[in-house]
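Student: With the input below, show me the fold.
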Amino acid sequence: MPCPALPDGFDFTDPDVLHHRVPLPEFAELRRAEPVRWIPQSGNVAGFQDEGYWAVTRHADVKYVSTHPELFSSTLNTAIIRFNEHIERDAIDAQRLILLNMDPPEHTRVRQIVQRVFTPRAIRALEERLRTRALNIAASARDRSGPFDFVTEVACELPLQAIAELIGIPQDDRAKIFDWSNKMIAYDDPEYAITEEVGQESATELIAYAMNMAADRRACPAKDIVSALVAAEGEGNLRSDEFGFFVLMLAVAGNETTRNAITHGMHAFLTHPEQWELYKRERPATAAEEIVRWATPVVSFQRTATQDTELGGKRIKKGERVGIFYASANHDPEVFEDPDAFDITRDPNPHLGFGGGGPHYCLGKSLAVLEIDLIFNAVADAMPGLRLVGNPRRLRSAWINGVKELQVSTG
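Tutor: So this is what the prediction gives:
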């Protein structure tokens, strides 16, 4: 197998890489020549005291790692592939309380509780309220004079409202949730001047807010989701701290990721006008899944080997980190015909934008798909002539495919 032609020292988790682009050509090179490759890192560059990680780039291998938690742990080093280099190890270990960073059987216990939030009945109960909110968001943006930022005026609002509606956060408090979640993921972007400490403080404030909600429901149970999760007596409910970390996960996994999928989807439509015309004309049910594949808001997570094992012809030692790159898997030509084409009629579409299967497959997939469908239907009706005014301004991040600003105009 030929060696991949990567630049010396190229690191897929370097925040400066995603600040400019998703490294699709480099992913393609690895899939072709060395689909499981050791990526060296010096010192504590990623927040971990090790020498690097294995980059896993093929669709089949990403699925394998995702579906074998007994071999590849989310808990040992958490699922976040790169932290700020100044983070202390105890701060990393504290994140094991988040569902994203748990392994079975503890993960199984907590997930069985919180999945009550995402039952088909619960999602259906939200649909009309979210449809109304989507229509209002699009109408408000349409009525603005001159160019506007699609991220702040359209994309960010519905995911935030959906999570807040789901767990009953009062309208007056929703802006605080948005602000805290932004600060938790923006520490790699100097424009925001958010330090790791500020991010941790925001996480602490969000957890405390949620724990207070849980305490209130325990004292005065109501007919709502929070009470169902925390207030009943006996086993099968969350402790207040577990509920706090669950809300923290929702604020990032449910809010940030869907917001970025919507933003990337709008940019894809406006740079592929034939797809926008097709969408406005036919509204295919397959559009939301292709938007998620195309966007892949989480470029990568990581696992840690629990024992010596083999993957893609490489020997992986116990304790070594393994990066699973969803963005690469979602462009694997062995799985997707013409993977670099944005095609809203793509079917089947076995993308890994909601994870690679296994215990950590996205709990909120049905809600995210609903939000994407609702907002693009509303935008197509209210602003069919929407056009780009400038290029997207990307978030500097090690693992999130984020957009900070996308200027558009209805004129």
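
Student: Without its sequence neighbours, what residue ends up closest to the most centrally placed residue in the chain?
Tutor: Nearest to the mean C-alpha position of the chain, by Cα atoms, centre = their mean, lies residue 257 at 3.6 Å. Once flanking residues are discounted, residue 257 sits nearest to residue 297: 4.1 Å by Cβ to Cβ, 6 or more residues apart in numbering. For the C-beta atoms, the positions are set from N, CA and C on the backbone; glycine is no exception.

Student: likewise residue 317?
Tutor: residue 308 (5.6 Å).

Student: Could you pull up phi and psi at the one you found?
Tutor: Per-residue torsions, residue 308: phi -60, psi 130 (degrees, to the nearest 10).

Student: again with residue 340
Tutor: The phi/psi pair for residue 340 (degrees, to the nearest 10) is phi -90, psi 0.

Student: on that earlier part again, the residue nearest to residue 317: what's it in contact with?
Tutor: Applying Cβ atoms under 8 Å, 6 or more residues apart in numbering to residue 308 gives the contacts 315, 316, 317, 318.

Student: So which of those sit within strands?
Tutor: Members of the contacts of residue 308 lying in strands (criterion: DSSP state E): 315, 316.

Student: Now flag whichever of the contacts of residue 308 is closest to residue 376.
Tutor: residue 316 (40.7 Å; Cβ to Cβ).

Student: Is the closest one bridged to anything, and to what?
Tutor: residue 309 (DSSP bridges).

Student: what's the neighbour count on it?
Tutor: 23 (other Cβ atoms under 10 Å).

Student: Kindly report the same for residue 22.
Tutor: Residue 22: 21 neighbours (other Cβ under 10 Å).

Student: Distance to residue 42 for the contacts of residue 308 - can I get that in CSV?
Tutor: CSV is the format used below for the contacts of residue 308 (distance: Cβ to Cβ, whole Å):
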residue, distance to residue 42
315, 22
316, 20
317, 19
318, 22
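
Student: Using ChimeraX, make a named selection holding only the buried ones among the contacts of residue 308.
Tutor: Selection of buried members from the contacts of residue 308 for ChimeraX, criterion 16 or more other Cβ atoms under 10 Å:
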select :316
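
Student: Which of the contacts of residue 308 sits closest to residue 141?
Tutor: Nearest to residue 141 among these, with distances taken as Cβ to Cβ, is residue 316, at 48.0 Å.

Student: can you pull the contacts of that closest one?
Tutor: Counted by Cβ under 8 Å, 6+ apart, residue 316 has contacts 36, 54, 305, 308, 309, 310, 322.

Student: same question, residue 113
Tutor: Residue 113 neighbours (Cβ under 8 Å, 6+ apart): 229, 236, 237, 238.

Student: and it, what element?
Tutor: Element membership for residue 113, per DSSP states H and E: helix 106-114.

Student: same for the lowest-mean-pLDDT helix or strand in the chain, what does it pack against?
Tutor: When each helix and strand of the chain is scored by mean pLDDT, DSSP states H and E, helix 174-185 comes last, with a mean of 78. Where contact means 3 or more Cβ pairs under 8 Å, 6 or more residues apart in numbering; DSSP states H and E, helix 174-185 is packed against helix 157-167, helix 196-219.

Student: picking up where we left off before, tell me how far the residue nearest to residue 317 lies from residue 58.
Tutor: Separation of residue 308 from residue 58 (Cβ to Cβ, to the nearest Å): 21 Å.

Student: Can you tell me how far the residue nearest to residue 257 is from residue 248?
Tutor: For residue 297, the distance to residue 248 - Cβ to Cβ - is 17 Å.

Student: swap in residue 260?
Tutor: From residue 260 to residue 248 the distance is 18 Å (Cβ to Cβ).

Student: tell me the secondary structure for residue 222?
Tutor: Three-state secondary structure (criterion: DSSP: H, G, I helix; E, B strand; the rest coil) places residue 222 in coil.

Student: same thing with residue 398?
Tutor: coil.

Student: per-residue pLDDT, the closest residue to it other than its chain neighbours?
Tutor: Closest residue to residue 398 apart from its sequence neighbours, by Cβ to Cβ, 6+ apart: residue 82 at 3.7 Å. pLDDT recorded at residue 82 is 93.

Student: swap in residue 353?
Tutor: 97.

Student: Let me know how buried it is, in neighbour terms.
Tutor: Every residue meeting other Cβ under 10 Å relative to residue 353 is counted, giving 24.

Student: What about it? Give its phi and psi, please.
Tutor: When read as degrees, to the nearest 10, the backbone of residue 353 gives phi -70, psi -20.

Student: which element is the residue nearest to it when sequence neighbours are not counted on?
Tutor: In space, and not counting its chain neighbours, residue 353 is closest to residue 292: 3.8 Å by Cβ to Cβ, 6+ apart. Assigned by DSSP H and E, residue 292 belongs to helix 287-295.
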